[in-house]
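[1] Please work out how this folds:
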Amino acid sequence: MRKRGAFIWRLDRVSQRTFFWFNTTVDSKPMPKSKKTFRNPIIQAKEMALEMELNDRSKADLSREMGISRARVTQMLNLLKLPEEIIREVEEMGDHWERRLLTERMLRGIVSWKI
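    Predicted coordinates:
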């Protein structure tokens, strides 16, 4: 079975010369799209805090590794300052949602008036 997008080499011999070329025939069926999932911001923040603690990393190191800004790392870690009942409630919603149930930005608004 041939994978979609894989190139197939073809060899033709014409008047003592050999030509290599790609067979670029297009399959009629498009590839099915993978389903997008969204992360739970509290679980993601706990993973970041655990990574920093276990590997003795700073926020700057973590931001470089994840490819995000240091300010973004700080914003995510500030979610852990929420009251325990809110953290528990959001964490019970699970991870890898089909659609966004709650955003980090919504929770950040709660942090600002709870502190």
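
[2] Quick check: longest helix in this structure by residues?
    helix 41-54 (DSSP state H).

[3] can you pull out the strands in this structure?
    8-14, 17-23 (DSSP state E).

[4] can you tell me which of those strands the model trusts least?
    Per-stretch mean pLDDT for the strands of the chain is lowest at strand 8-14 (a mean of 55).

[5] quick revisit: got the contact list for the longest helix of the chain?
    57-59, 62, 66, 73, 76-77, 79-80, 82, 87, 90-91, 95, 102-104, 107 (C-beta atoms under 8 Å, 6 or more residues apart in numbering). To be clear about C-beta, it is placed using only N, CA and C from the backbone, and glycine gets the same treatment.

[6] List buried residues within those residues.
    Buried members of the contacts of helix 41-54, counted by 16 or more other C-beta atoms under 10 Å: 59, 62, 73, 76, 77, 79, 82, 87, 90, 104, 107.

[7] could I get those residues as JSON lines with pLDDT and distance to residue 37?
    Formatted as JSON lines, the buried ones among the contacts of helix 41-54 follow (pLDDT from 0 to 100; distance: C-beta to C-beta, whole Å):
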{"residue": "59", "pLDDT": "95", "distance to residue 37": "26"}
{"residue": "62", "pLDDT": "94", "distance to residue 37": "22"}
{"residue": "73", "pLDDT": "95", "distance to residue 37": "22"}
{"residue": "76", "pLDDT": "93", "distance to residue 37": "18"}
{"residue": "77", "pLDDT": "94", "distance to residue 37": "22"}
{"residue": "79", "pLDDT": "93", "distance to residue 37": "19"}
{"residue": "82", "pLDDT": "91", "distance to residue 37": "23"}
{"residue": "87", "pLDDT": "93", "distance to residue 37": "21"}
{"residue": "90", "pLDDT": "91", "distance to residue 37": "16"}
{"residue": "104", "pLDDT": "84", "distance to residue 37": "15"}
{"residue": "107", "pLDDT": "87", "distance to residue 37": "18"}
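
[8] Tell me the one of the residues you listed nearest residue 31?
    Taking C-beta to C-beta as the measure, residue 104 is the one of the buried ones among the contacts of helix 41-54 closest to residue 31, at 30.8 Å.
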